[in-house]
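A.B. asks: how would this look folded up:
(one chain, ligands or ions: 1)
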Amino acid sequence: MELEEFRRHGHEVIDWMVDYLENIEDYPVMSQVAPGAVADQLPDSPPSRGEPFERIMADFQSIIVPGMTHWQNPSFFAYFPANSSPPSVLAEMLTATMGAQCMVWQTSPAAAELEERVMEWLRDMIGLPRGFAGVIQDSASTSTLCSLLTARERVSNYSTNQDGLTGGDDITAYCSTETHSSIEKGIRIAGIGSDNLRRVPVDGNYAMVPDDLETAIEDDKAAGRTPACVVATIGTTGSTAIDPLKSIGDICSEHGVWLHVDAALAGTALLLPEFRWMIEGIENVDSFVFNPHKWMFTNFDCSAYFVRDPEALIRTFQISPEYLKTGQDRHVKNYRDWGVQLGRRFRALKLWFVIRSYGVEGLRGMVREHIRLAGKLSERIESCEDFELMAPVPLNTICFRYRPPGVEGEELNAVNADLLERLNRTGRLYLTHTKLGGKFILRLVVGQTYVERRHVESAWDLIVDTARSGR
Ligand SMILES: Cc1ncc(COP(=O)(O)O)c(C=O)c1O
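C.D. replies: So this is what the prediction gives:
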């Protein structure tokens, strides 16, 4: 593609992007295509000669777009959001155009220094202590893996990277029964093994019970094992339960165990001073992750990972072959040593664009509004006789179910599973589910960039009508 063609198509693509967002509510939120329908429209082999951009773009619109679930539709209430915003998208276009690979300072000094500065901003914005240093990872899963590996190294006096795991079942880690699956994945990759991950019970609010954590650590110590890491969650995926950080931190500090906090979604709520109670006890935390790519209007991927002791992280990951050495190594941050991957995208740019475009107050206003809308809806659900709230709503995630009179147990689970299916087939909203205490529960998360009160209200009207008319 010649550069002048690129200019012309670039303008067309921007027009398409703006039209898409202007008309986003006309698209079914959850893609309605059947399995295989997209693949059936794709040729078995690639074209041997280049095709005109117009044809590629036409296929994008006719084949790809219908096969997409529209995460930027304001009636997307599923999972946790992966929200985006115009300044973030514009920054991504610049990042892609410059195409820099930002593995070490020298390969793009601005990328390294901007990353350092925006992570300091972000740390201050969410009220983490000044002692924390930050690095952008691709995902919370990777950030948590980094913390597990660092904890494993620290507890083995930095010998495991060299010697390999020698004891098998020696090292143990702890999380609650409500913890995200990425913790177990990290435990497996770190070689600690799923059987050595203790699932600490939760209380009636689905938060970790600190006494049970302490007992588990003491039992392991008594059996000659080495507790390495506790993962506490601020905002569990199921119901945004908040583990009691203060008590957990006291236990970790007493037993010399690494404490990692997974605040993938809820970290964004820490922008609001009134939610800082969630990190009371942060003084005992070793590492902390939250995803601006979930709720902070920065498109995927952008995961903010903070550590209290960057030297421990660097000791865990640093390998310095000759071809990566530069003259500045002693004076600069080389983020290749701060995580798994060597090659790094320039992710700080979109974060910088977002923070500067909205300003801290602008971001706070949007997040506060989401939490307010979720609170209003949960009040409505509570006042409905045939619906019930299934967990507290501290933030923006509402767990509820339809409960028609006389229906219980598995039949009730089936009624709600069927309701979910019928709702998502309408294409007018998208919800997902979880199970809490064996009960099938619908989750509605208010966190999409463009969501307004009218979307939440019409979602609720649709839920009520669909539930009551379906049986
Ligand atoms: C609490 C929690 N932790 C971790 C993750 C994984 O996030 P990522 O997709 O960035 O790895 C999620 C995803 O929703 C989550 O809810």
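
A.B. asks: switch to C-alpha atoms for all contacts and neighbour counts from now on
C.D. replies: Fine.

A.B. asks: which ones are touching the residue of the stretch 251-400 of the chain at minimum distance from the ligand?
C.D. replies: Nearest to the ligand in the stretch 251-400 of the chain, going by C-alpha to the nearest ligand atom, is residue 264, at a distance of 4.8 Å. Contacts for residue 264 were tallied using C-alpha atoms under 8 Å, 6 or more residues apart in numbering; they are 140, 234, 235, 289, 290, 291, 294.

A.B. asks: max pairwise distance over those residues: which two?
C.D. replies: Pairwise distances across the contacts of residue 264 (C-alpha to C-alpha) peak at 14.1 Å, for the pair 234 and 294.

A.B. asks: picking up where we left off before, does the residue of the stretch 251-400 of the chain closest to the ligand count as helix, strand or coil?
C.D. replies: Classification of residue 264 using DSSP: H, G, I helix; E, B strand; the rest coil returns coil.

A.B. asks: other SSEs contacting the one helix or strand in the chain whose mean pLDDT sits lowest?
C.D. replies: None of the helices or strands of the chain scores lower by mean pLDDT, DSSP states H and E than helix 160-163, at a mean of 90. When contacts are defined as 3 or more C-alpha pairs under 8 Å, 6 or more residues apart in numbering; DSSP states H and E, helix 160-163 sits against helix 140-155.

A.B. asks: one step back: which one of the contacts of residue 264 is nearest to residue 309?
C.D. replies: residue 289 (14.3 Å).

A.B. asks: surely that closest one is within a strand?
C.D. replies: Yes: note on residue 289: a strand contains this position according to three-state DSSP.

A.B. asks: need the contact list for it.
C.D. replies: 140, 143, 144, 261, 262, 263, 264, 267, 303, 304, 305, 306.

A.B. asks: thinking again about what came up before, which of the contacts of residue 264 come close to the ligand?
C.D. replies: The overlap between the contacts of residue 264 and the neighbours of the ligand (C-alpha under 6 Å from any ligand atom) comes to residue 140.

A.B. asks: let me know the pLDDT of the residue of the stretch 151-300 of the chain found nearest the ligand.
C.D. replies: Minimum separation of the stretch 151-300 of the chain from the ligand (C-alpha to the nearest ligand atom) falls at residue 237, amounting to 4.1 Å. Note for residue 237: predicted pLDDT of 97.

A.B. asks: flag every residue of the chain that's near the ligand.
C.D. replies: For the chain, the residues in contact with the ligand (C-alpha under 6 Å from any ligand atom) are 80, 139, 140, 141, 180, 182, 236, 237, 262, 264.

A.B. asks: return the distance of stretch 104-112 from the chain's centre.
C.D. replies: Stretch 104-112 has its C-alpha centroid displaced from the chain centroid by 26 Å (C-alpha atoms, centre = their mean, to the nearest Å).

A.B. asks: what separates the residue sitting furthest away from the middle of the chain from residue 39, distance-wise?
C.D. replies: Computed with C-alpha atoms, centre = their mean, the residue of the chain farthest from its C-alpha average is residue 49, at 40.1 Å. Look at residue 49 and residue 39: by C-alpha to C-alpha, to the nearest Å, they are 21 Å apart.

A.B. asks: got phi/psi on residue 401?
C.D. replies: The phi/psi pair for residue 401 (degrees, to the nearest 10) reads phi -150, psi 160.

A.B. asks: hey, what's it bridged with?
C.D. replies: On the basis of DSSP bridges, residue 401 is bridged to residue 388.

A.B. asks: list the contacts of it.
C.D. replies: 387, 388, 389, 390, 416, 440, 441, 442.

A.B. asks: tell me the mean pLDDT for the helix or strand that contains residue 421?
C.D. replies: Residue 421 is located in helix 409-425, with elements delineated by DSSP states H and E. Across helix 409-425, the average pLDDT comes to 96.

A.B. asks: name the nearest of the residues of the chain next to the ligand relative to residue 43.
C.D. replies: Distances from residue 43 to the residues of the chain next to the ligand, taken by C-alpha to C-alpha, are shortest for residue 139, at 32.6 Å.

A.B. asks: hmm, residue 303 and the closest one touching each other?
C.D. replies: Yes: at 5.0 Å, residue 139 and residue 303 qualify as touching, with contact defined as C-alpha atoms under 8 Å.

A.B. asks: all strands of the stretch 1-150 of the chain, in order?
C.D. replies: 133-137 (DSSP state E, counting those that start in this stretch).

A.B. asks: surely residue 165 is in contact with residue 191?
C.D. replies: Yes: using C-alpha under 8 Å, residue 165 is in contact with residue 191, at 7.1 Å.

A.B. asks: could you tell me which residues make contact with residue 73?
C.D. replies: 24, 25, 27, 29, 448, 450, 451.

A.B. asks: and which of those residues is nearest residue 43?
C.D. replies: Within the contacts of residue 73, the smallest distance to residue 43 is 25.7 Å, found for residue 27 (C-alpha to C-alpha).

A.B. asks: alright, I will stop here.
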